[in-house]
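Peer 1: Pasting the sequence and the predicted coordinates here, then a few questions.
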There are 2 protein chains.
Amino acid sequence: MGEQPENNLLRALRPADYALLHPGIEAQQRARGELLYNPGDNVEVVYFPCGPSLASYLVPNEDGQEVETILVGREGAVGGIVSRGHLPAYCRILVKYPGKFMRLRVSDLEVAKAKSHALARLFERYADCLLAQMVQSSACNAIHSIERRAAKWILSAMERTGDHLVPLTHEELAGMLGVGRSYTSRVLQTFRQEGLLETRRSAMLVKDIDALRARACRCNDAVKMHFDTVLEGVYPAELEA
Amino acid sequence: MGEQPENNLLRALRPADYALLHPGIEAQQRARGELLYNPGDNVEVVYFPCGPSLASYLVPNEDGQEVETILVGREGAVGGIVSRGHLPAYCRILVKYPGKFMRLRVSDLEVAKAKSHALARLFERYADCLLAQMVQSSACNAIHSIERRAAKWILSAMERTGDHLVPLTHEELAGMLGVGRSYTSRVLQTFRQEGLLETRRSAMLVKDIDALRARACRCNDAVKMHFDTVLEGVYPAELEA
DNA sequence: TCGCGTCTGTTCACTTGTGAACACAACTTT
DNA sequence: AAAGTTGTGTTCACAAGTGAACAGACGCGA
């Protein structure tokens, strides 16, 4: 595994630091819906989504419903980022968009952090961004309409996978947002009528990104700015988006 | 400052570890509404709320509105918990309930962490709880009614300050939840009619905690369980609540 | 004790979102 | 090609929440 993986955190490492993660780090293919952690699991492995892969944090609710809080793609990683492992996971985390993930034992990562200050700092910075993402998500859920949140969600899925076709049923989207399915369909209908997107079975095809952005809340932008500030000069420039 | 402060994190430290925080750590009195950090500030100081003091994370919105995401009381601390300092703050944090705060430079705390593994572990564990709190808040805002969230908020303020009288205007409560004031008044009216609480000017007096708990969502309990699990045997037993 | 600013209770017309329901379309399996 | 399963579009009666409005209550300062 000498070549650069398509993950911003890993690419931000200098070769010497990246070398510290070998031979423990390895690429894995993960299918849609696959579980990475369940609440209560001991977190012993960290996953780095590569390319278009996406992971999703889900919070189980008392009545069995699950709500998504954040998406993590190539800009980050999941598993022991804050806890540094060996603590029970609070959320369920699953693969929302299938593809390649780099996988590493948390304990190996901690050993590497102890050896390289720069590596440790990078993960601290990312952890701070993760917190920002969650705080923003909390505020967003409190005050933004379903329409704005739906638009935000579609955009962020699209931007991270780099594909205008977002594979997602109305039901799933509704579940992510924690809202009713029929209303989601209605929102999508208005988007469709205004030419923002087309709907396919189990997917939607974004036609007019700018117009869709205008309907979405700005929460993602706020978080992206924090990523830029905190990881400025850490991520290689061409990956900053 | 030899005596034990009324903060769970600090009390969980063995004397030798607590000694590492001296002489940098000092007690301060902070007034209601005082600002601890603004977005973009460099976080150079960590505050430990003592006794009934409360700090609150606020996320500014594009239209100037601010939404609260979490409250932090004697169970925790604010400032550089995850970022470890020298990164710009993402949220505004202010004093929601006045009182004593222990104050320490983040850099001094980091030096102490480097000297004591147990101390470092304690803060890692708390950081993980903080994340859990935020994730839960996000989910809660997405799916729980204003009534349930209002009840939750009042309970958690009450439990942390240990006083049945919660000083808070309807306007403030509405602001915290990110909702309209008039609806908040209506919710409080029904609580009052059912004998759950009485309303005073700029305050509410909780009369029937159990009944109020029944109207609140269980989000706080879920988070509390995580605190118990993660900090089990770390916090002294008598402080675990 | 008077006046003023703030907080409260309540109303009203309106928007947003719910949840169940049902016909139909699109894929899958055999 | 038939049967079954899953997703879609749409309706409907209803619940939850908004935001402006206003009268009056409270408590402070002069």
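Peer 2: In hand now; what should we look at?

Peer 1: So which residues on chain A come close to DNA strand C?
Peer 2: Where chain A comes near DNA strand C, counting by C-beta under 7 Å from any atom of the strand, the residues are A:145-147, A:179-180, A:182-183, A:186, A:201. To be clear about C-beta, it is placed using only N, CA and C from the backbone, and glycine gets the same treatment.

Peer 1: near chain B at all, stretch A:151-171?
Peer 2: No. Stretch A:151-171 does not reach chain B (C-beta under 8 Å from any C-beta of the partner chain); its nearest approach is 11.6 Å.

Peer 1: Pull out the buried residues from that stretch.
Peer 2: By 16 or more other C-beta atoms under 10 Å in any protein chain shown, the buried positions in stretch A:151-171 come out as A:151-158, A:160-161, A:166-168, A:170.

Peer 1: Contacting DNA strand D as well, which ones from the residues you listed?
Peer 2: Contacts with DNA strand D within the buried residues of stretch A:151-171, counted by C-beta under 7 Å from any atom of the strand: residue A:170.

Peer 1: Make CSV out of the buried residues of stretch A:151-171 and add pLDDT.
Peer 2: Shown next, in CSV, are these (pLDDT from 0 to 100):
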residue, pLDDT
A:151, 98
A:152, 97
A:153, 97
A:154, 97
A:155, 97
A:156, 95
A:157, 92
A:158, 93
A:160, 86
A:161, 86
A:166, 95
A:167, 94
A:168, 95
A:170, 97
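
Peer 1: So which of the buried residues of stretch A:151-171 are in helices?
Peer 2: A:151-158, A:160-161, A:170 (DSSP state H).

Peer 1: Show me the two of these that sit farthest apart.
Peer 2: A:160 and A:170 (20.4 Å; C-beta to C-beta).

Peer 1: for the most centrally placed residue in chain A, what are its contacts?
Peer 2: Geometric centre of chain A, nearest residue: residue A:72, 1.3 Å, by C-alpha atoms, centre = their mean. Going by C-beta atoms under 8 Å, 6 or more residues apart in numbering or on different chains, residue A:72 touches A:49, A:54-57, A:78, A:130.

Peer 1: And the helices in chain A, which stretches?
Peer 2: So, for chain A - with DSSP H - the helices run A:8-11, A:15-19, A:106-115, A:117-143, A:146-161, A:170-177, A:181-193, A:209-215, A:219-230.

Peer 1: so which of these comes closest to residue B:9?
Peer 2: Nearest of the helices of chain A to residue B:9, taken as C-beta to C-beta: helix A:117-143 at 17.7 Å.

Peer 1: quick one: is the closest one near chain B?
Peer 2: Yes. Shown here: helix A:117-143 in contact with chain B (C-beta under 8 Å from any C-beta) through A:124-125, A:127-128, A:130-132, A:134-139, A:141-143.

Peer 1: what's in contact with stretch A:115-132?
Peer 2: Contacts of stretch A:115-132 (C-beta under 8 Å, 6+ apart): A:9, A:12-14, A:16-17, A:20, A:70, A:72, A:76-77, A:81-82, A:109, A:112-114, A:223, A:226-227, A:230-231, A:234, B:82-84, B:87, B:90, B:127, B:130-131, B:134.
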